[in-house]
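Participant: Below is the sequence, then the predicted model.
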Amino acid sequence: MGESILNALVIVLVSICANLVSEEELTDVDVSGISWIFVYRTDSFKQSKVRLNELNKRLEKEEATLVGLEKRKTQEKKIERYNEDIKKATSQLNGSRFKVNIGISLLLMGVYRLISFIFYGKAVATLPFEPIPYLRGMTHRGLEGDNFRECSFAFIYAMCTMAFKGTLQKALGQSAPRNTYDYMKNMEKDSMFSR
Amino acid sequence: MPSKSSVKATESTETKPLIRKCFSPGEAWSKDEFLDGIYWTRQACSLVSGVGVGLAGYTGFAVITTFITLNFLLSLMYFRSFLGVDIEDFGGQTEGLVPSIGLFVLCWTLFYSAFH
């Protein structure tokens, strides 16, 4: 069992490194995150981020301002214009990250293939619960037998990605701004069937 | 009971570190600070509870469902009741919930496997 837990720890470490390299810059080590090189340090990304923050501040200020009935329509038009500008700025921000995200996905797929090659068929941990049939494809991937409490590399890797991806971004301060255009919130307004 | 405060951070004259704010009731919180606070509180709870439950050797799917329920409710209660933050103003009640579940299950599995 000692060997299997070491295997699990190796998977955790590889997952953390893969997430670090694909997202962040380690300033004290001579390794740079892909996103930082191609996206976050570029002037266009920084300008888009600054513009987005400015637009959101103006929108919040306008929404918080109380006006009389006669100026209400003007205010609504202004708010609508701000929302359109925020939508454009968000698209610009997302667009600059699109190509790099493709590259990052390919990198993470490569890391997964490597881990799969090394640990396929080995139980790396024991699950403290009986997995539901829906999850067994992941928890018991590549393992023989009916002991579904044996855990494969795939589940550990999935949990690592779930746990560390967002947390590492936050810890190193490289997550996307929270105040991007909320497509879900404005779905009804943006719908082609709305008035 | 500390008074509820949802005053924006721009109105405060000094910026306290987030970790110190999480132990100081009655402080002014901005939306971003609140969401970050909830996020990190949940991650810390997941880490501690995952390690604890793994070392203790608890098993069963019920542990996960209990953890999700307690993590969701206790973190919100902590901010609302102890810190006095008016969370309705900020939204984001599920901030950091999914990563915290992943971290809990990972720690629980690793420590259970290592010690049992």
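Facilitator: Sure, I can see it. Numbering: from 1, shown residues only, chains lettered A, B, ... in the order given.
Participant: which residues in the chain form strands?
Facilitator: Went with chain A since none was named. Along chain A, the segments classed as strands by DSSP state E run A:125-126, A:150-151.
Participant: I'd like these laid out as TSV, including mean neighbour count.
Facilitator: Any C-beta I mention is one placed from the backbone N, CA and C, and that applies to glycine too. Listed next are the strands of chain A as TSV, based on neighbours: other CB atoms under 10 Å in any protein chain shown:
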stretch	mean neighbour count
strand A:125-126	23
strand A:150-151	22
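Participant: would you turn these into CSV with mean pLDDT and distance to residue B:24?
Facilitator: Below are the strands of chain A laid out as CSV (pLDDT from 0 to 100; distance: least, CB to CB, whole Å):
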stretch, mean pLDDT, distance to residue B:24
strand A:125-126, 92, 40
strand A:150-151, 92, 41
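Participant: can you list the ones you listed in TSV and add distance to chain B?
Facilitator: Converted to TSV, the strands of chain A look like this (distance: least, CB to the nearest CB, whole Å):
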stretch	distance to chain B
strand A:125-126	4
strand A:150-151	6
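Participant: would CSV of those strands with distance to residue A:43 be doable?
Facilitator: What follows is those, written out as CSV (distance: least, CB to CB, whole Å):
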stretch, distance to residue A:43
strand A:125-126, 46
strand A:150-151, 46
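Participant: Tell me how far the residue in chain A positioned nearest to chain B lies from residue B:66.
Facilitator: Closest contact between chain A and chain B, by CB to the nearest CB, is at residue A:162 (2.9 Å). Using CB to CB, to the nearest Å, residue A:162 is found at 19 Å from residue B:66.
Participant: Just list the residues touching the residue nearest to the residue of chain A closest to chain B when sequence neighbours are not counted, thanks.
Facilitator: Sequence neighbours aside, residue B:102 is the residue nearest to residue A:162 in space, at 2.9 Å (criterion: CB to CB, 6 or more residues apart in numbering or on different chains). Contacts for residue B:102 (CB atoms under 8 Å, 6 or more residues apart in numbering or on different chains) come out as A:158-163.
Participant: any idea which of the residues you listed has the most stuff around it?
Facilitator: Ranked by neighbour count (other CB atoms under 10 Å in any protein chain shown), the contacts of residue B:102 have residue A:163 at the top, with 28 neighbours.
Participant: How about residue B:36: what's its closest non-neighbour residue?
Facilitator: Residue nearest to residue B:36 in three dimensions, not counting chain neighbours: residue B:18, with 6.0 Å by CB to CB, 6+ apart.
Participant: got a list of what that neighbour touches?
Facilitator: Listed by CB under 8 Å, 6+ apart, the contact partners of residue B:18 are B:33, B:36-37, B:40.
Participant: if we go to 10 Å?
Facilitator: B:29, B:32-34, B:36-37, B:39-41 (CB atoms under 10 Å, 6 or more residues apart in numbering or on different chains).
Participant: now do residue A:92
Facilitator: Counting by CB under 10 Å, 6+ apart, residue A:92 touches A:44-45, A:47-49, A:51-52.
Participant: And whichever helix or strand residue B:53 is part of, what does it pack against?
Facilitator: Using DSSP states H and E, residue B:53 falls within helix B:31-56. Contacts defined by 3 or more CB pairs under 10 Å, 6 or more residues apart in numbering or on different chains; DSSP states H and E place helix B:31-56 against helix A:153-171, helix B:18-21, helix B:61-77, helix B:97-115.
Participant: Give me the mean pLDDT for it.
Facilitator: Regarding helix B:31-56, the rounded mean pLDDT is 89.
Participant: how about the contacts of residue B:18, which pair is most distant?
Facilitator: Farthest pair in the contacts of residue B:18 (CB to CB) is B:32 and B:41. Separation: 14.7 Å.
Participant: got a markdown table for the contacts of residue B:18, with neighbour count too?
Facilitator: Below are the contacts of residue B:18 laid out as a markdown table (neighbours: other CB under 10 Å):
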| residue | neighbour count |
| --- | --- |
| B:29 | 26 |
| B:32 | 16 |
| B:33 | 20 |
| B:34 | 24 |
| B:36 | 21 |
| B:37 | 22 |
| B:39 | 21 |
| B:40 | 19 |
| B:41 | 22 |
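Participant: All good on my end, thank you.
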